[in-house]
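Visitor: Any chance you can model this:
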Amino acid sequence: MSRVHSPGYPNTSLPKAIGQARSIHAADRRNVIDRDVAAKHIGYSGQSGASDKALASLAHYGLLEKAGKGQTRVTQLAVDIIHPVSETARKQALLEAAYTPTVFAEIRDRFHDGPPSEGALKSWLSRENFLDRAIGPVVSAYMDTQRFLEQEEAFESGGPSVDDSRESFVPDRTPLVEGSIMFGGAKVGDLIQWESQGVLQLPKPLRVRLVSEDCKWVAVEGSQTGIPMNEVIVETPASTDVKFPTFPLLQEDQVASPAKGETEWMRNSLSQETNVRILARGDMGPKEIGKLIRLLEAQKAILEED
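Guide: Presented below is the predicted three-dimensional model:
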């Protein structure tokens, strides 16, 4: 499971995420609402980087779902935890939420005899090429979630076991349809748009040329960048009688690894043809980020004069 960067992970534990989902549900039930409204329900002044991380954590646990461009809503899984029909059903829902984050399911599969010690988990995450800045939050969220499951007796013999939960609780992968727009569920040949945090990333809809085997990523014509399936908007489904070729995505071993002492601080797509990757040596705090912004603004001014 070699990686060149850490996958998505919840930045908070399950009990805290449930509390935030409860606040959103108390205010707006399962109605579709704007993301900035959801952010305010959980204590933020509006949509920001911090609130986006918090809402993303709820989505990782399956407690919040995309419901349109820049919109979201509480999931049925969250309701099953907040207002369960029975204690057994609540424990089942807790188990499903706890292992919906991909990295948590991987940890459970690796340490199948029970939760590991923090030291063992940190060591394993490091060997799996998780970034140093990601290891602490992953360990904290996972260990707190495990303690919460034990406190709630979700591992009782009378309820589902951790191993049983893998077969019993599979996250709903059904595409969400709002009007004529479908989120996720893209296939080769579909014309799609890519929305990330409420912003469209493509200048125009592009055709899907590849879907990963786990159906979590797609690639579009003219680009090697992987696009998360859950951020895909299917604008025009492909004709069933047209066959489209597939091409391999950029392989991980084709991406140069950071040099000794460096960490990959950021990787993003700026356009269909342009990607950016920032390698840093040392800490990247507000002061360093501010200086980087000023350097980029100076470079922008030079290019504009040319």
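Visitor: these two touch, right, Arg29 and Ala78?
Guide: No: with contact defined as C-beta atoms under 8 Å, Arg29 does not count as touching Ala78 (10.9 Å). The C-beta positions use only the backbone N, C-alpha and C, and glycine is treated the same way.
Visitor: higher neighbour count, the two?
Guide: Shown here are Arg29 and Ala78; by other C-beta atoms under 10 Å, Ala78 has more neighbours (26 against 11).
Visitor: average pLDDT across the strand or helix carrying the more buried one?
Guide: Take DSSP states H and E as the rule and Ala78 turns out to sit in helix 76-82. The average pLDDT for helix 76-82 rounds to 92.
Visitor: Just after that helix, pick out the following helix or strand.
Guide: Assigned by DSSP H and E, the successor of helix 76-82 is helix 87-98.
Visitor: Would you mind pulling the contact partners of stretch 9-23?
Guide: Contacts to stretch 9-23, defined as C-beta atoms under 8 Å, 6 or more residues apart in numbering, come from residues 41-43, 53-54, 56-58, 60-61, 63-64, 74, 78, 81-82, 94, 97-98, 101, 103-104, 134, 137-138, 140-141, 144-145, 148-149.
Visitor: Which residue ranges of the chain form strands?
Guide: All strands of the chain, identified by DSSP state E, fall at 33-34, 64-66, 71-74, 176-178, 181-183, 191-196, 199-200, 206-211, 217-220, 227-228, 232-236, 262-269, 275-281.
Visitor: got these as TSV, with mean neighbour count and distance to Ile24 columns?
Guide: Formatted as TSV, these follow (neighbours: other C-beta atoms under 10 Å; distance: least, C-beta to C-beta, whole Å):
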stretch	mean neighbour count	distance to Ile24
strand 33-34	18	8
strand 64-66	22	7
strand 71-74	22	6
strand 176-178	14	17
strand 181-183	18	19
strand 191-196	19	20
strand 199-200	11	22
strand 206-211	19	32
strand 217-220	22	28
strand 227-228	18	22
strand 232-236	19	23
strand 262-269	15	28
strand 275-281	13	33
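Visitor: so which of the ones you listed gets nearest Ala89?
Guide: With C-beta to C-beta as the criterion, Ala89 lies closest to strand 71-74 of the strands of the chain, at 16.9 Å.
Visitor: So what's the gap between that closest one and the chain middle?
Guide: Here strand 71-74 is found 15 Å from its chain centre; the criterion is C-alpha atoms, centre = their mean, to the nearest Å.
Visitor: what's next to that strand, contact-wise?
Guide: Residues contacting strand 71-74 (C-beta under 8 Å, 6+ apart): 21, 24-25, 28-35, 38, 55, 59, 63-67.
Visitor: Pairing partners for it, with directions?
Guide: strand 33-34 (antiparallel), strand 64-66 (antiparallel) (DSSP bridges).
Visitor: In stretch 45-62, which residues are buried?
Guide: By 16 or more other C-beta atoms under 10 Å, the buried positions in stretch 45-62 come out as 47, 51-52, 54-62.
Visitor: Mind checking which of those residues land in helices?
Guide: When DSSP state H is applied, the buried residues of stretch 45-62 are split such that 51-52, 54-60 fall in helices.
Visitor: For the residues you listed, give me JSON lines that also has pLDDT and distance to Ser123.
Guide: Output for these, formatted as JSON lines (pLDDT from 0 to 100; distance: C-beta to C-beta, whole Å):
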{"residue": "Ser51", "pLDDT": "87", "distance to Ser123": "33"}
{"residue": "Asp52", "pLDDT": "89", "distance to Ser123": "30"}
{"residue": "Ala54", "pLDDT": "91", "distance to Ser123": "28"}
{"residue": "Leu55", "pLDDT": "92", "distance to Ser123": "31"}
{"residue": "Ala56", "pLDDT": "91", "distance to Ser123": "26"}
{"residue": "Ser57", "pLDDT": "91", "distance to Ser123": "24"}
{"residue": "Leu58", "pLDDT": "93", "distance to Ser123": "29"}
{"residue": "Ala59", "pLDDT": "92", "distance to Ser123": "28"}
{"residue": "His60", "pLDDT": "93", "distance to Ser123": "23"}
